[in-house]
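Enquirer: Everything below, folded, please.
(4 chains)
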There are 2 protein chains.
Amino acid sequence: MEGYKEIQMAELLYTKMKEYVSLDKEDFELLKNFFYSRSLSKGEFVYREGDAVNHAVFVNSGLFRTYIIDEQGTEHILQFALPGWWTGDLGSFISGERTRFYVEALEESEILVISKQSWDELLEKAPFYLDYHRKLLERGLVSIQNRLLQTYSTDAAKKYLNLVEAFPDILHRVPLYMIASYLGMSRETLSRVRSQIVNKK
Amino acid sequence: MEGYKEIQMAELLYTKMKEYVSLDKEDFELLKNFFYSRSLSKGEFVYREGDAVNHAVFVNSGLFRTYIIDEQGTEHILQFALPGWWTGDLGSFISGERTRFYVEALEESEILVISKQSWDELLEKAPFYLDYHRKLLERGLVSIQNRLLQTYSTDAAKKYLNLVEAFPDILHRVPLYMIASYLGMSRETLSRVRSQIVNKK
DNA sequence: AGTATTTTGTGACTTAGGTCAATGGCCATA
DNA sequence: TATGGCCATTGACCTAAGTCACAAAATACT
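Expert: Next comes the predicted model:
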């Protein structure tokens, strides 16, 4: 596997898992062997549209975006992924179909990946892993539901303010046109919204 | 428990579960005892904004909508739930917080409900149930993600056509203003979109 | 069948946000 | 300190969809 290495440390994965389920060091040592690590430079892709999604991706350091490109050629960012988060195309990982998503490192980053095969094996043999994954899915579902609700009843300015409140440092780490795309508006609209907010103060 | 009865049949729940996990008749007979049934007339609510969500809700027959009312007093429909689907506010069911959702029967309907306590017990003791729930969550997450993507890159007419293609009979079962709300547009816009489509043919 | 209520359709008008195009700032590298 | 590639801002204009108001259907209720 080109570019993949056995992992040394996985402190973050361990810490995060313990937030959801109880497991001891030994459980984790075994589990660790299922993962490989990969480093990516800014601008590199974990995968792109048309690729097969054979791995689940845990962000160990850095920052990622997942986006699609629609028929008009416009990018739509679905997620920014910070350390401790999982990212990628869940649908294709499950179904085996080729993905429509791009998963791109926005900074020097490191991921831990686990193959579909190992993943299924873990789910079957390690009840705590099944439970961990279930809880992640629950939270993920609720948060994307909230995002959908926000698109229905929130104007551009409020969407921007909500994001900045939730992730203040995102402003210093990703260009505004990506933030606009994540929020579902044009970069010009975001620009105007921001200047209105400044003038109002 | 007012209005709740021990369940007799739960054919649909059994059939649906078998689509996701393997379980035999005995497993299911035990599991059945955790559920109660409730009948609702058109216009009745499973719960409303401000209620505590102590139960998970499986639709056995009929049709439901879940919606919220935003600060401007506008309804936004999140889901129509058909027989065989789960419905309700997952976030509040997990967190124990009071819900912002309304869950309303749109027809004479029957639900099977399971208390949070029984739910947690099942997850702990019945591995097949955990796995079932995990798979439901996966599919739910993917489908709501697709819905979010659709809001970003699809115009009103296309959204309507997509819905009609996916659920042709919804047109005969729910008023158009609810369909508009589900699609995130005003009822007038939906009306105009529909007449354009008719004229185009 | 006759009335009341809900639902839908249309016209006139408004508006939030998109599109296009030009300009200028900001690094990064030579 | 130039130069080229991003990125962000701003103005002018456009457009899809929202809002308001009223009338017509459709349904449900007696």
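
Enquirer: Distance of residue A:125 relative to residue A:158?
Expert: Distance, residue A:125 to residue A:158, using Cβ to Cβ, to the nearest Å: 46 Å. (Glycine included, C-beta is placed from N, CA and C.)

Enquirer: just residue A:95 next, same as before
Expert: In this view, residue A:95 and residue A:158 are 35 Å apart by Cβ to Cβ.

Enquirer: hey, where'd the strands end up in chain A?
Expert: Applying DSSP state E to chain A gives strands spanning A:5-6, A:35-40, A:45-47, A:55-61, A:64-69, A:75-81, A:86-87, A:102-105, A:109-115.

Enquirer: Among the ones you listed, which comes closest to residue B:105?
Expert: strand A:75-81 (33.5 Å; Cβ to Cβ).

Enquirer: Which secondary structure elements does the closest one sit against?
Expert: strand A:64-69, helix A:176-183, helix B:127-153 (3 or more Cβ pairs under 8 Å, 6 or more residues apart in numbering or on different chains; DSSP states H and E).

Enquirer: check whether the second one contacts DNA strand D.
Expert: Yes - counting by Cβ under 7 Å from any atom of the strand, DNA strand D is contacted by helix A:176-183 at A:176-177.

Enquirer: between that helix and strand A:64-69, how many degrees?
Expert: Counting by axes from the mean of the first three to the mean of the last three Cα atoms, to 10 degrees, helix A:176-183 lies at 70 degrees to strand A:64-69.

Enquirer: How about the last one?
Expert: Here helix B:127-153 runs at an angle of 60 degrees relative to strand A:64-69 (the same axes, to 10 degrees).

Enquirer: I'd like to know if helix B:127-153 reaches chain A anywhere along the stretch.
Expert: Yes - residues of helix B:127-153 contacting chain A under Cβ under 8 Å from any Cβ of the partner chain: B:127, B:130-131, B:133-134, B:137-138, B:140-142, B:144-149, B:151-153.

Enquirer: what's the least confident helix or strand in chain A, going by average pLDDT?
Expert: Lowest on mean pLDDT, DSSP states H and E among the helices and strands of chain A sits strand A:5-6, with a mean of 67.

Enquirer: Flag every residue of chain A that's near chain B.
Expert: A:68, A:70-72, A:74, A:76, A:78, A:90-91, A:94, A:123, A:127, A:130-131, A:133-134, A:137-138, A:140-142, A:144-149, A:151-153, A:184.

Enquirer: Quick one: residues contacting residue A:119.
Expert: A:34, A:56 (Cβ atoms under 8 Å, 6 or more residues apart in numbering or on different chains).

Enquirer: How much space separates it from residue A:57?
Expert: For residue A:119, the distance to residue A:57 (Cβ to Cβ) stands at 11 Å.

Enquirer: Just to check, residue A:179 is in contact with residue A:172?
Expert: No - in this structure, residue A:179 is not within contact of residue A:172 by Cβ atoms under 8 Å, at 11.3 Å.

Enquirer: Tell me which of the two has more neighbours.
Expert: residue A:179 (22 against 6; other Cβ atoms under 10 Å in any protein chain shown).

Enquirer: per-residue confidence for residue A:2?
Expert: The model reports residue A:2 with a pLDDT of 62.

Enquirer: before we move on, what about residue A:123?
Expert: For residue A:123, pLDDT reads 94.

Enquirer: How about the residue in chain A that DNA strand C sits nearest to: what's its closest non-neighbour residue?
Expert: Of all residues in chain A, the one sitting closest to DNA strand C is residue A:189 (3.0 Å; Cβ to the nearest atom of the strand). Distance criterion Cβ to Cβ, 6 or more residues apart in numbering or on different chains; nearest residue to residue A:189, sequence neighbours excluded, is residue A:156 at 5.5 Å.
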